[in-house]
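Peer 1: Let's see this in three dimensions:
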Amino acid sequence: QVQLVESGGGLAQAGGSLRLSCAASGRTFSTYTMGWFRQAPGKEREFVAYSSYTGGRIYADSVKGRFTISRDNAKNTVYLQMNSLKPEDTAVYYCAARTKWGTLSARDYEYWGQGTQVTVSS
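Peer 2: Numbering: from 1, shown residues only. This next block holds a predicted model:
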């Protein structure tokens, strides 16, 4: 069983930055694909980025060039650096993990954190 705990959310102004962290416990972190998803009110949960255990990183088009996912396997932590924030980035951000290769579908991820709120004001 893997437990995920997100932190780092909060309020930012448009154009500002935030960094989210997700600490994992349980099985070997380096063997997991780690993903970030987000869900805005009234919308479905959507893919943001993932960091595969093979080293690959994929981003949603909406965040490409603004967000960076990274991981520190020694600390069992994955990060999401969010720059040039926009009001449309406002959502609850979730960290997720799966034991296989990276995918964009939330249903493929086995473990989830509780989420952290990100609010971007205009």
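Peer 1: Tell me, how many residues neighbour the residue nearest to residue 9 when sequence neighbours are not counted?
Peer 2: Once flanking residues are discounted, residue 9 sits nearest to residue 116: 3.3 Å by Cβ to Cβ, 6 or more residues apart in numbering. For every residue, glycine as well, the C-beta is placed using N, CA and C. For residue 116, the neighbour count with other Cβ atoms under 10 Å is 22.
Peer 1: so how far is residue 38 from residue 116?
Peer 2: The gap separating residue 116 from residue 38 is 10 Å, by Cβ to Cβ, to the nearest Å.
Peer 1: any residues in contact with both of the two?
Peer 2: Counting by Cβ atoms under 8 Å, 6 or more residues apart in numbering, the common neighbours of residue 116 and residue 38 are 92, 93.
Peer 1: excluding its backbone neighbours, what's nearest the residue most central in space within the chain?
Peer 2: In the chain, the C-alpha nearest the mean C-alpha coordinate belongs to residue 36, at 2.3 Å (Cα atoms, centre = their mean). Distance criterion Cβ to Cβ, 6+ apart; nearest residue to residue 36, sequence neighbours excluded, is residue 48 at 4.2 Å.
Peer 1: Residue 58 now?
Peer 2: Closest residue to residue 58 in three dimensions, ignoring its sequence neighbours and counting by Cβ to Cβ, 6+ apart: residue 50, at 5.5 Å.
Peer 1: Who are the packing partners of the helix or strand that contains residue 23?
Peer 2: Using DSSP states H and E, the element containing residue 23 is strand 18-25. Secondary-structure packing of strand 18-25 (3 or more Cβ pairs under 8 Å, 6 or more residues apart in numbering; DSSP states H and E): strand 3-7, strand 33-39, strand 77-82, strand 91-98, strand 116-121.
Peer 1: any chance of the ones you listed in CSV, plus distance to residue 62 and mean pLDDT?
Peer 2: Converted to CSV, those look like this (distance: least, Cβ to Cβ, whole Å; pLDDT from 0 to 100):
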stretch, distance to residue 62, mean pLDDT
strand 3-7, 20, 96
strand 33-39, 10, 98
strand 77-82, 12, 98
strand 91-98, 11, 97
strand 116-121, 13, 98
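Peer 1: circling back: partner strands of the helix or strand hosting the residue nearest to residue 58, parallel or antiparallel?
Peer 2: Using DSSP H and E, residue 50 maps to strand 46-51. Here strand 46-51 has these sheet partners by DSSP bridges: strand 33-39 (antiparallel), strand 57-59 (antiparallel).
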